[in-house]
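Chemist: What shape does this take:
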Amino acid sequence: MFVLANFIEAVALVLRWVMDVLWWLIIIRAVLSWVNADPANPIVQFIERVTEPLLLPFRKIIPAYKLGIDLSPVFALLLLYFLRIFLVQTLLEVALRLK
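Modeler: Coordinates of the predicted model:
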């Protein structure tokens, strides 16, 4: 069972790392939207391509034109925070109990 426990722990740690990277990319994208970054810049394009699938569902629920401000990054960060607490911690606890 220790092999399964190590596998689950590894999955949890990789998920945590991916969520941390997404967290920072969303923050960087929000800052870039404030400073009018060059949309032709490859780094800006990469950040937009990676974060748009996370932000789009929130934009559909809460359109920015009604509020005048895009709150989708805030809700995406809250979702990532929830998933990190719930999903990653649950996987780590399962791995610990299997050892």
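Chemist: contacts, neighbours, all on C-alpha from now
Modeler: Noted.
Chemist: which phi and psi does Ala37 have?
Modeler: phi -70, psi 150 (degrees, to the nearest 10).
Chemist: contacting residues around it?
Modeler: Contacts for Ala37 (CA atoms under 8 Å, 6 or more residues apart in numbering) come out as Val44.
Chemist: now Trp17
Modeler: For Trp17, the set of contacting residues under the criterion of CA under 8 Å, 6+ apart is empty.
Chemist: Contacts for stretch 81-96, please.
Modeler: Residues lying outside stretch 81-96 but in contact with it, judged by CA under 8 Å, 6+ apart, are Leu4, Ala5, Asn6, Ile8, Glu9, Val11, Ala12, Leu13, Leu15, Arg16, Met19.
Chemist: can you list the residues you listed in JSON lines and add neighbour count and pLDDT?
Modeler: As requested, those are arranged in JSON lines below (neighbours: other CA atoms under 10 Å; pLDDT from 0 to 100):
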{"residue": "Leu4", "neighbour count": "13", "pLDDT": "93"}
{"residue": "Ala5", "neighbour count": "19", "pLDDT": "93"}
{"residue": "Asn6", "neighbour count": "16", "pLDDT": "94"}
{"residue": "Ile8", "neighbour count": "20", "pLDDT": "95"}
{"residue": "Glu9", "neighbour count": "20", "pLDDT": "95"}
{"residue": "Val11", "neighbour count": "16", "pLDDT": "96"}
{"residue": "Ala12", "neighbour count": "21", "pLDDT": "96"}
{"residue": "Leu13", "neighbour count": "16", "pLDDT": "96"}
{"residue": "Leu15", "neighbour count": "17", "pLDDT": "96"}
{"residue": "Arg16", "neighbour count": "19", "pLDDT": "96"}
{"residue": "Met19", "neighbour count": "18", "pLDDT": "96"}
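Chemist: Cheers, nothing more for now.
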